[in-house]
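Asker: This is a predicted model, with the sequence first.
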Amino acid sequence: MRTIRTAAALLAALALALLPAAPAAAAPGPAVELSRAEGGKGGEITVSGSGWKPGALLMLLVCGQAAPGRGVIGGTNSCANTEGRAATVDARGAFSAKLPVAEPPKPCPCVVHVAGVTGQQDAVDREFTVAGHPTAPLPEASGDGRLAVLAAVRLDGSSGLLVWFGAPPRREVVLTVGNLGSAPVRDPVFEVGTSHGVFAPQYEERQWRGTIAPGGKAVVRLPAELTAGAHGDYQVSVRYAGKILVEQPWGVGRPWGVTLFWVLLAVVVPAALFRIGMAVVDRVRPSAGAARTSRPGRTSRSARAAAGSRRVRARTSVPAAPAPGGPGDGEPTTVLPWFSPDSAPSAPESSPTTKGHA
């Protein structure tokens, strides 16, 4: 019995070893579903999804010249951007939004392109047919998109005088990329984004003209620009085929020219207003001469007093007249100030004198 039990255990262990291993459950990725696979211009479809990062902001677009296996060729320039919609993922990782059907600028085949704007920036394309829109075959593949950075990245350029007064800072992102794939990459489209603090980068497409052969490399220069008056610590990111190639810090100085301008404005404007106000007051206020001549025929008390003092001085300055001869003729005669020579009393000619009488 013991031998039988041992043999049964060995057979069970061998059977388990020969059974195929059960596939591990794959982590669910982001998925997108459409209410309809075809629609005409002016219609509307419902786009829903699951497996997205909770709280992420998504962008929904109808794009032409695209396929689920190859993505959107030419980037968002092939999409109807003006008719796009935004959606926010709920706490369960799902979303649902209405999307109007619009004709993209490129011919079909078309897709509904759903991409993350913040957080985990995944992208999912679902095949969609725009009724009545022209179709054309997709362009030949320009490579498998296996570009890698081979050298250190740098930012070329410097801030000029206008940047000191608040103009948008500009730089060039210079990177050396190599083609690790088996097909040439022609006119690759990169995405350049800038971020500040905790905010996610806002990407803009930059197309590089040229061909990178398999195993070859090329120096790529991509312009980057910030908003007017930007200052502080920024970060420049370059993305290709949904993969971030480089992240480079960028420190921008404060535009002190703007501060100087406001300080001068705060000093000059009050001074100019004060000068203008004083000029207006001087022009409106009447002068002293105009006030005296404004009432003719009337003299002030001070003017009359001044005239009286002048008359008194004129009387006192008249020389004394010689007195008639008599005793003490050699002595000077003083005229009192309140008598003038004409008003002094004179003796009558017929009055006798005692001079010469015994």
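Answerer: Thanks, I have it. Numbering: from 1, shown residues only.

Asker: Residue 253 touches residue 231, doesn't it?
Answerer: Yes: between residue 253 and residue 231 there is a contact under CB atoms under 8 Å: 6.2 Å. The way it works is simple: take the backbone N, C-alpha and C, and place the C-beta from them, glycine included.

Asker: Between these two, which has more neighbouring residues?
Answerer: The neighbour count for residue 253 versus residue 231, taken as other CB atoms under 10 Å, is higher for residue 231 (17 against 11).

Asker: Distance check, that one against residue 283.
Answerer: Distance from residue 231 to residue 283, counting by CB to CB, to the nearest Å: 47 Å.

Asker: what ranges of the stretch 151-300 of the chain fall below the confidence cut-off?
Answerer: For the stretch 151-300 of the chain, the stretches flagged by pLDDT under 70 are 160, 287-300.

Asker: same thing but 90
Answerer: When residues are selected by pLDDT under 90, those of the stretch 151-300 of the chain lie in 151-172, 177-189, 193-207, 209-217, 224-237, 239-275, 277-300.

Asker: rewinding a little: overlap in contacts of residue 253 and residue 231?
Answerer: By CB atoms under 8 Å, 6 or more residues apart in numbering, residue 253 and residue 231 have no common neighbours.

Asker: Mind jotting down where the strands sit in the stretch 1-150 of the chain?
Answerer: Assigned by DSSP state E, counting those that start in this stretch, the stretch 1-150 of the chain shows strands spanning 31-34, 38-40, 44-50, 57-63, 66-67, 71-72, 85-88, 95-100, 110-116, 123-131, 147-149.

Asker: Adding mean pLDDT, mean neighbour count and distance to residue 258, write those strands out as CSV.
Answerer: Shown next, in CSV, are the strands of the stretch 1-150 of the chain (pLDDT from 0 to 100; neighbours: other CB atoms under 10 Å; distance: least, CB to CB, whole Å):
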stretch, mean pLDDT, mean neighbour count, distance to residue 258
strand 31-34, 93, 17, 46
strand 38-40, 91, 15, 51
strand 44-50, 94, 16, 45
strand 57-63, 92, 23, 32
strand 66-67, 88, 21, 44
strand 71-72, 81, 20, 40
strand 85-88, 92, 14, 34
strand 95-100, 94, 17, 41
strand 110-116, 91, 24, 36
strand 123-131, 91, 18, 40
strand 147-149, 85, 18, 36
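
Asker: how about the ones you listed in TSV, adding distance to residue 179?
Answerer: Formatted as TSV, these follow (distance: least, CB to CB, whole Å):
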stretch	distance to residue 179
strand 31-34	31
strand 38-40	38
strand 44-50	34
strand 57-63	26
strand 66-67	22
strand 71-72	18
strand 85-88	35
strand 95-100	36
strand 110-116	25
strand 123-131	22
strand 147-149	6
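
Asker: so which of the ones you listed gets nearest residue 219?
Answerer: strand 147-149 (11.2 Å; CB to CB).

Asker: Packing partners of that closest one?
Answerer: Strand 147-149 sits against strand 170-179, strand 243-252, with contacts defined as 3 or more CB pairs under 8 Å, 6 or more residues apart in numbering; DSSP states H and E.
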